[in-house]
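K.L.:
next comes the sequence, and after it the predicted model I'd like to discuss.
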Amino acid sequence: METLSPSADRMGAALRALRETHTAEDGDITVLGAKCLRAVIAQLAADGVSTDDLQPLVDLQTRLDDTWKPQPGPVAMQRDRRHKSAPSPVLLARAPR
């Protein structure tokens with residue numbers, strides 16, 4: 001059995017933990033990949049890899065994050081419509097006096 005370096009061992013443990021805690025309800029497999037990429041970038045930065053060398057991975061992470069941002073649902077959009085406007089007469093009629 002091959003012995004891993006402490007850095008590779010920490011990275012493997014982090015990736016294993018992410019994989020074990022990822023559930024089907026979390027969404028697409030891309031979500032798990034983005035989380036793993038974040039862990040790899042953090043570990044490589046902690047090991048002293050330069051920012052210039054990590055930039056392609058950071059760019060990929062940014063692109064994944066932008067692609068998979070949750071879109072507001074119909075309820076959130078409905079709330080935005082009434083934001084900072086006066087209460088409706090129907091709502092005021094329901095309010096206790």
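P.N.:
Sure thing, it's come through. These numbers come from a predicted model, not from an experiment.
K.L.:
give me the distance between Ala93 and Ala86.
P.N.:
14 Å (Cβ to Cβ, to the nearest Å). (Each C-beta comes from the backbone N, C-alpha and C, glycine too.)
K.L.:
what's around Asp47, how many residues?
P.N.:
13 (other Cβ atoms under 10 Å).
K.L.:
excluding chain neighbours, what is closest to it?
P.N.:
Once flanking residues are discounted, Asp47 sits nearest to Ser7: 5.2 Å by Cβ to Cβ, 6 or more residues apart in numbering.
K.L.:
report the buried residues of the helix or strand encompassing the one you found.
P.N.:
According to DSSP states H and E, Ser7 maps onto helix 6-21. By 16 or more other Cβ atoms under 10 Å, the buried positions in helix 6-21 come out as 11, 14-15.
K.L.:
just give me how far that helix sits from the chain centre.
P.N.:
18 Å (Cα atoms, centre = their mean, to the nearest Å).
K.L.:
could you list every helix and strand in contact with it?
P.N.:
Packing partners of helix 6-21 (3 or more Cβ pairs under 8 Å, 6 or more residues apart in numbering; DSSP states H and E): helix 29-46.
K.L.:
helices or strands next to the helix it packs on in the packing?
P.N.:
Using 3+ Cβ pairs under 8 Å, 6+ apart, helix 29-46 sits against helix 6-21, helix 51-67.
K.L.:
got the angle for it vs helix 6-21?
P.N.:
160 degrees (axes from the mean of the first three to the mean of the last three Cα atoms, to 10 degrees).
K.L.:
CA atoms only for helix 29-46, dumped as CSV, please.
P.N.:
The C-alpha coordinates for helix 29-46 follow below in CSV (Å, rounded to 0.1, in the frame of the first residue of the first chain):
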residue,chain,number,x,y,z
ILE,A,29,-23.7,16.2,-9.9
THR,A,30,-22.2,19.5,-11.0
VAL,A,31,-22.9,20.9,-7.5
LEU,A,32,-20.7,18.1,-6.0
GLY,A,33,-18.0,18.8,-8.5
ALA,A,34,-18.1,22.5,-7.7
LYS,A,35,-17.8,21.8,-4.0
CYS,A,36,-14.9,19.4,-4.6
LEU,A,37,-13.2,22.0,-6.8
ARG,A,38,-13.5,24.6,-4.0
ALA,A,39,-11.8,22.1,-1.6
VAL,A,40,-9.0,21.4,-4.0
ILE,A,41,-8.3,25.1,-4.6
ALA,A,42,-8.3,25.8,-0.9
GLN,A,43,-5.9,22.9,-0.2
LEU,A,44,-3.5,23.9,-3.0
ALA,A,45,-3.5,27.5,-1.8
ALA,A,46,-2.7,26.3,1.7
